[in-house]
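**Student:** Next one to model:
(one chain, ligands or ions: 1)
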Amino acid sequence: MRLFEGTIFDRPPRCERCNELEAECKCPPPAVVEVPAEKQTVRLQVENRKRSKQVTAIRGLRLSEAGMADLLTELKNSCGAGGTIEDGVIEVQGGQADRVKSALEKLGYRVKS
Ligand SMILES: [Zn+2]
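**Tutor:** Residues are numbered from 1 along each chain as shown. As a prediction, this is how the structure comes out:
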């Protein structure tokens, strides 16, 4: 029982994340449950972009935003290239299908191209 429960001094419940009143909390809904890498099959596709630039797109990832960001960092390091996250799709700069594929497989993902 909380101190002052049921009185005007009672403290209404607050969000555990932002500490705002629950009624005023604007936290996003709970993150997507991450699926372990070994249980994910992703698709790789090299795509052409403006000015004859290519990107290697990874689709089908089932990760939270934080998980996506971690994976992007990992891929940028192992491919030595830049990259972005766009609508749940990771894009690594350049036509790097082989490198991206082996980096993903090392992490346990199954990869279809
Ligand atoms: Zn909140």
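
**Student:** all strands in the chain, in order from the N-terminus.
**Tutor:** Here the chain has its strands, by DSSP state E, at 41-49, 53-59, 83-86, 89-93, 110-112.

**Student:** hmm, who's touching the last one?
**Tutor:** Just to be clear, that refers to strand 110-112. E38, Q40, T41, V42, R43, L44, K101, L104, E105 (C-beta atoms under 8 Å, 6 or more residues apart in numbering). Yep, even glycine has a C-beta here, placed from its N, CA and C like the rest.

**Student:** which of those count as buried?
**Tutor:** Buried by 16 or more other C-beta atoms under 10 Å: Q40, V42, L44, K101, L104, out of the contacts of strand 110-112.

**Student:** dump the residue contacts of the nearest residue to A103 once chain neighbours are set aside.
**Tutor:** Leaving aside its sequence neighbours, A103 sits nearest to S78 (C-beta to C-beta, 6 or more residues apart in numbering; 4.1 Å). By C-beta under 8 Å, 6+ apart, the contact set of S78 is R99, A103, K106.

**Student:** Correct me if wrong: C15 contacts C27.
**Tutor:** Yes - counting by C-beta atoms under 8 Å, C27 is a contact partner of C15 at 5.9 Å.

**Student:** higher neighbour count, those two?
**Tutor:** The residue with more neighbours, out of C15 and C27, is C15; 14 against 11, by other C-beta atoms under 10 Å.

**Student:** ok, back up a step: just the buried ones among the contacts of strand 110-112 now: which is nearest the ion?
**Tutor:** Closest approach to the ion among those (C-beta to the ion): Q40, at 29.1 Å.
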